[in-house]
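K.L.:
Just the structure for this:
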Amino acid sequence: MPQKTAVLTSSHDRLREAGKDLFAERGFEETTTAAICRLAGTSQSQLIKHFNNKLGLLEAVFEFAWEQINPAIRLAAERIPSPTDKLKIVIDMILTFLERDRALRTLFLLEGRRIRGDGHMIVLTPGFLEFIKFLDGVLKEMQAKGELAPHIHLQALRSGLMGAIEGLLRDQYLARATRYPATFSEADSRVIFSTILAAFLNN
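P.N.:
Next comes the predicted model:
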């Protein structure tokens, strides 16, 4: 594995990046805190100091990502008058962000919102909930301006759209890792999403 964490100066940042890479490569359960600390070039006491435990580190990986994504999509959306166009550009930005960081993309698909143990270890970070609130706001704008077909439950629509995106990305991941038949490209995924969205628009 590339030792890219060496260029980061703080133990906090090195641990976060090492955790991201190892969680993506090995999975959350199979990654030890000792391995994370070795890759980060620091001690387990530093991991405990900054993140409390391994789950806290996973949450920090996700939260850092949302801290980059949320301001960018809000800034882009401010310049777009049509709520439908806002939604399209937001989804495009999310896909582009994940395409650029394959480790993070793997974590979003395999570890994000995953129910572990007795159900008390679901990772729902403030940044993710902020994104959901923003997405719901865009859908409300679409409904208020008559851009959505009537009688659609907005939260159900949001869940359906997000599920479609996650399904497309997950199948692409499986195709790369196994012989799963999913040879479509990122461009194909965008076409499918646009086609699904069009079914709910008030044309």
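K.L.:
Let's test this: name the helix or strand in this protein with the lowest mean pLDDT.
P.N.:
When each helix and strand of the chain is scored by mean pLDDT, DSSP states H and E, helix 102-110 comes last, with a mean of 90.
K.L.:
Quick one: the helices in the chain, in order.
P.N.:
11-26, 33-40, 44-51, 54-78, 83-100, 102-110, 126-144, 154-177, 186-198 (DSSP state H).
K.L.:
Export those helices as a markdown table, with columns for mean neighbour count.
P.N.:
From N, CA and C alone the C-beta is placed, and that goes for glycine too. What follows is those, written out as a markdown table (neighbours: other CB atoms under 10 Å):
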| stretch | mean neighbour count |
| --- | --- |
| helix 11-26 | 21 |
| helix 33-40 | 19 |
| helix 44-51 | 16 |
| helix 54-78 | 17 |
| helix 83-100 | 17 |
| helix 102-110 | 19 |
| helix 126-144 | 16 |
| helix 154-177 | 15 |
| helix 186-198 | 14 |
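K.L.:
Give me the nearest residue to the residue most central in space within the chain, chain neighbours excluded.
P.N.:
Centroid-nearest residue in the chain, with CA atoms, centre = their mean: Phe108, separated by 4.4 Å. Nearest in space to Phe108, with sequence neighbours left out and distances taken as CB to CB, 6 or more residues apart in numbering, is Leu98 at 6.4 Å.
K.L.:
Am I right that Thr42 is in contact with Asp13?
P.N.:
No: using CB atoms under 8 Å, Thr42 is not in contact with Asp13; the gap is 10.4 Å.
K.L.:
picking that back up, list the contacts of the least confident helix or strand of the chain.
P.N.:
Contacts with helix 102-110, where a contact means CB atoms under 8 Å, 6 or more residues apart in numbering, come from 20-21, 23-25, 27, 58, 61-62, 65, 97-99, 166, 169-170, 173.
K.L.:
cool, stretch 155-163 as well?
P.N.:
Stretch 155-163 is contacted from outside by 91, 132, 135-136, 139, 148, 193, 196-197, 200, using CB under 8 Å, 6+ apart.
K.L.:
what's the average pLDDT for it?
P.N.:
On average, the pLDDT along stretch 155-163 is 95.
K.L.:
With adjacent residues omitted, what lies nearest to Ala65?
P.N.:
Nearest one to Ala65, counting by CB to CB, 6+ apart, is Leu104 at 5.6 Å.
K.L.:
and what of Val90?
P.N.:
When the adjacent residues along the chain are set aside, Val90 lies closest to Ile73, with 4.9 Å between them (CB to CB, 6+ apart).
K.L.:
Next: Asp101.
P.N.:
Ala65 (7.8 Å).
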